[in-house]
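Engineer: can't give you the sequence, but here's the structure:
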């Protein structure tokens with residue numbers, strides 16, 4: 001099992017430069033990859049570009065670049081440029097994000113996420129191969145032929161020659177259908193809140209040769225297990241309870257598939273009723289232990305066995321603590 005560093009995005013009030021320093025330390029420790037994220041704050045590409053300039057070996061992954069934020073052609077240009085400038089170290093993680101972000105931030109139609117993802121990946125791969133870019137699908141029309149078209153658009157080839165014609169593509173996926181699509185069209189899967197005990201049943205996947213399953217896992221090293229759990233309780237309450245509408249929260253559905261239906265419903269009801277403290281308190285210890293690594297070094301070392309047996313091929317350590325990065329390197333590498 002490889003070890004990666006999930007940088008996430010810079011929390012409000014902090015600088016992305018802090019992430020760069022952690023990425024440099026991850027490279028020094030022997031981590032295989034470092035991954036930057038984006039929501040509606042710092043973007044992933046700028047952080048990865050800066051990290052590429054400050055490192056020489058570690059792979060650089062986007063987890064994720066939001067598909068509604070960029071056209072497939074723009075993503076292909078960005079991926080090819082980052083890969084070239086980093087010496088072939090870029091890993092392209094993509095995701096649709098949720099309807100609140102797609103419609104509320106990017107001003108795009110939520111549409112059909114599975115169809116959109118399939119067509120988007122097809123266009124990105126085609127562009128990186130330097131094919132003349134053309135696809136008239138359900139979600140994308142390239143060259144554009146719809147209402148208001150001038151008729152002057154023609155299929156274009158990427159002007160630059162990519163260092164690699166097939167940059168690895170990873171998909172963030174939370175539902176069984178999306179996971180099946182990832183296994184079909186991508187090179188890897190980026191799950192969040194992955195449970196090594198329940199994931200195979202919840203997603204009905206079978207590991208396959210050459211396909212990278214790279215879950216991000218929150219790690220809190222502490223001699224006090226209860227205190228370590230409490231660090232993550234607000235995060236899980238936010239995602240399970242408040243990330244999405246009552247009938248459209250993918251994280252809530254996910255933990256429900258893990259067997260926590262009652263807890264998921266309670267957390268969401270409390271959170272959406274404005275009772276955030278009660279929602280946080282309602283997050284079960286068992287759920288935290290299922291999807292995270294918390295507690296003393298010895299406890300984390302013991303629980304790593306489940307992750308190694310889960311089918312995960314890369315473990316993306318989610319932390320902004322340098323001591324935690326070092327502890328995980330000692331335990332895994």
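Structural biologist: Received it, and whenever you're ready, just let me know what you need. What you are looking at is a predicted structure, and each value in this text was computed from that prediction instead of being measured.

Engineer: how about residue 306: what's its closest non-neighbour residue?
Structural biologist: Excluding the flanking residues, the one nearest residue 306 by CB to CB, 6 or more residues apart in numbering is residue 196, at 4.2 Å. Using the backbone N, CA and C atoms, a C-beta is placed for each residue, glycine as well.

Engineer: look at residue 255 and give its secondary structure.
Structural biologist: Assigned by DSSP: H, G, I helix; E, B strand; the rest coil, the conformation of residue 255 is helix.

Engineer: what is the rounded mean pLDDT of stretch 203-213?
Structural biologist: Per-residue pLDDT over stretch 203-213 has a mean of 93.

Engineer: now do stretch 70-79
Structural biologist: On average, stretch 70-79 scores 98.

Engineer: and the next helix or strand past the longest helix anywhere in the chain?
Structural biologist: Ranked by residue count and defined by DSSP state H, the top helix of the chain is helix 113-128. Per DSSP states H and E, helix 113-128 leads on to strand 135-136 as the next helix or strand towards the C-terminus.

Engineer: what mean pLDDT does that following strand get?
Structural biologist: pLDDT averaged over strand 135-136 gives 98.

Engineer: and for stretch 278-294?
Structural biologist: 98.

Engineer: mind listing the strands for the protein?
Structural biologist: 2-8, 33-36, 59-62, 65-66, 90-95, 135-136, 141-142, 169-171, 188-189, 212-213, 216-221, 293-295, 314-318 (DSSP state E).

Engineer: tally of neighbours for the residue nearest to residue 306?
Structural biologist: Neighbour count of residue 196, defined by other CB atoms under 10 Å: 20.

Engineer: tell me what angle the longest helix of the chain forms with strand 90-95.
Structural biologist: Using axes from the mean of the first three to the mean of the last three CA atoms, to 10 degrees, the direction of helix 113-128 lies 160 degrees away from that of strand 90-95.

Engineer: so which bits of helix 113-128 are buried?
Structural biologist: 113-114, 116-121, 123-128 (16 or more other CB atoms under 10 Å).

Engineer: does anything pack onto that helix? Which helices or strands?
Structural biologist: On a contact count with 3 or more CB pairs under 8 Å, 6 or more residues apart in numbering; DSSP states H and E, helix 113-128 meets helix 72-85, strand 90-95, strand 135-136, strand 169-171, helix 176-185.

Engineer: neighbouring contacts of it?
Structural biologist: For helix 113-128, contacts defined as CB atoms under 8 Å, 6 or more residues apart in numbering pick out 67, 72-73, 75-77, 79-80, 92, 94, 96, 133, 135, 137-140, 142, 158, 162, 164-167, 169, 171, 177-178, 181, 185-186.

Engineer: now which of these would you call buried?
Structural biologist: For those, buried by 16+ other CB under 10 Å: 67, 72-73, 75-77, 79-80, 92, 94, 96, 133, 135, 139-140, 142, 158, 162, 167, 169, 171, 178, 181, 186.
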